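Novice: 3D model of this:
(chains A, B, C and D)
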Protein chains: 2
Amino acid sequence: MAATKTRPPRPAPAAFDSLEQEAYLQLWRTYDRLRELDERVFQRHGITAQQYNALRILKSVRPGALSTSAVGARLVSRAADMTRLLDKLEEQGLVARKRCEENRRVVYVSITAAGVAVVGRLAADVKRLGKHQLGHLDRRTLRTLIDILSKAREPHEDPAMAAAWPGSSHRKQSTKSEE
Amino acid sequence: MAATKTRPPRPAPAAFDSLEQEAYLQLWRTYDRLRELDERVFQRHGITAQQYNALRILKSVRPGALSTSAVGARLVSRAADMTRLLDKLEEQGLVARKRCEENRRVVYVSITAAGVAVVGRLAADVKRLGKHQLGHLDRRTLRTLIDILSKAREPHEDPAMAAAWPGSSHRKQSTKSEE
DNA sequence: GGAAGTTAGTCGTTCAAACGATTATTGTTC
DNA sequence: GAACAATAATCGTTTGAACGACTAACTTCC
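Specialist: Residues are numbered from 1 along each chain as shown, chains lettered A, B, ... in the order given. Down below sits the predicted model:
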């Protein structure tokens, strides 16, 4: 049985089956590395990245409100269970819920003053986080990355949601130009 | 309280604070969309993507073995708890564990014939998955994506692991050329 | 050669995600 | 207008991830 230490001359692990697979694994790996930094920051404020996202969305429509499912649809990552995510935010007093009168099935959610305060307190850290994560890439490279990523997920994006989610669609897209 | 339906003329949600943040959120979103397809495939075979990855790594060193931590270090996503991940694979008879004689602290893990069979059975699906996920991007774009992603995580990659993980390092890197 | 410190792996517990079933309300249809 | 289907949200339960504490085995250093 060969041990790890007994084979120093081969650092490269399993080869990839295809270029597509390599790209996906690179994507996964990169996301994982960046996410670690992400979580560390939000954790210091007693919140998760996903929760922050919900707050960010609600803050953007303030003082308006969104239905539970509307918040879920706009989240970066699909969240199966909005109820419990919002439960936690409500427990902390960061959001408020209110049943709709016309359609008593839907529940409107809005951000509270305390919620706005939390987002504000996080703002500086989030900005610094971004620089730390990807600040070493120049703007042109970042735009290329954004553009390719948008193209990559385009076929897998729900058409109804594609517009609601900021991607390549509503900006002059091009893989190679402008600054 | 404004409802969702009462503001149709603005599909764009919260603006991004910075280009770096936008890139990260795009990365997150794209990963999430692609991962959904991923999980669906592996689920049909009663396995998780992370488990498949472990099997893939072990298959690549067959008939050799790796220590528990060595497997963990090569995984795409950092896994806090190798023990339980391997427990599940062992329960299914896909891997075998064996204590090292010289150093009785380490446990060697190797893939079994059944494990190889499972990976083999998955091969076709995985290949099709890759095409489905990113097959609509041409090779040049895929290479650019891989290259930028490698650069993106480079500063956040543990130097010791950077070589062990396939990235831009061991291939002629360039943002703009060759095919 | 025995105490202190390191390393590899395991286990306990807590927390969030995943999946499905369930309730409450509304819309449809005969 | 009563039965049926559709929709919004919630809840139950199972599973995996996260974090830390813990044990066993080796190393080091007086």
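
Novice: how about the helices in chain A?
Specialist: Ranges of helices in chain A, per DSSP state H, are A:19-44, A:49-60, A:68-74, A:82-91, A:113-134, A:139-153, A:159-162.

Novice: against residue A:88, how distant is the closest residue to DNA strand D within chain A?
Specialist: Using CB to the nearest atom of the strand, the closest approach of chain A to DNA strand D is made by residue A:69 at 2.9 Å. From N, CA and C alone the C-beta is placed, and that goes for glycine too. Plainly put, residue A:69 is 18 Å away from residue A:88 if you go by CB to CB, to the nearest Å.

Novice: what's the answer for residue A:19, then?
Specialist: With CB to CB as the criterion, residue A:19 and residue A:88 are 41 Å apart.

Novice: do the same with residue A:96
Specialist: From residue A:96 over to residue A:88 the distance is 14 Å, taken as CB to CB.

Novice: kindly report the same for residue A:129.
Specialist: Separation of residue A:129 from residue A:88 (CB to CB): 22 Å.

Novice: give me the more crowded residue out of these two.
Specialist: Set side by side, residue A:129 and residue A:88 show more neighbours around residue A:129, with 22 against 14, by other CB atoms under 10 Å in any protein chain shown.

Novice: isn't the more buried one right up against residue A:38?
Specialist: Yes. Between residue A:129 and residue A:38 a contact is recorded at 6.7 Å, counting by CB atoms under 8 Å.

Novice: spit out the contact partners of residue A:72.
Specialist: Counting by CB atoms under 8 Å, 6 or more residues apart in numbering or on different chains, residue A:72 touches A:78, A:79, A:82.

Novice: angles on the backbone of the residue nearest in space to the middle of chain A, please.
Specialist: The centroid of chain A falls nearest to residue A:76 when counting by CA atoms, centre = their mean (4.0 Å). Backbone torsions of residue A:76, given as degrees, to the nearest 10, read phi -60, psi -50.

Novice: what sits against it?
Specialist: For residue A:76, the contact set (CB under 8 Å, 6+ apart) comprises A:50, A:53, B:25, B:28, B:29, B:32.

Novice: show me where chain A dips below the pLDDT cut-off.
Specialist: For chain A, residues meeting the criterion pLDDT under 70 lie at A:1-15, A:159-179.

Novice: what parts of it come near DNA strand D?
Specialist: Contact residues (CB under 7 Å from any atom of the strand) of chain A with DNA strand D: A:39, A:43, A:67-70, A:81-84, A:86-87, A:97, A:105-107.

Novice: among the residues you listed, which are within reach of chain B?
Specialist: Filtering the residues of chain A next to DNA strand D for neighbours of chain B using CB under 8 Å from any CB of the partner chain leaves A:67, A:70.

Novice: in chain A, what residue lies closest to DNA strand C?
Specialist: residue A:104 (3.5 Å).

Novice: can you tell me how far that residue is from chain B?
Specialist: Distance of residue A:104 to chain B, given as CB to the nearest CB, to the nearest Å: 13 Å.

Novice: just residue A:146 next, same as before
Specialist: From residue A:146 across to chain B, the span is 5 Å (CB to the nearest CB).

Novice: please give me every residue in contact with that residue.
Specialist: By CB under 8 Å, 6+ apart, the neighbours of residue A:146 are A:168, B:19, B:22, B:23, B:26.

Novice: the fourth one contacts residue A:134, doesn't it?
Specialist: To tie it back to what came earlier, the one meant is residue B:23. Yes. Counting by CB under 8 Å, residue A:134 is a contact partner of residue B:23 at 5.5 Å.
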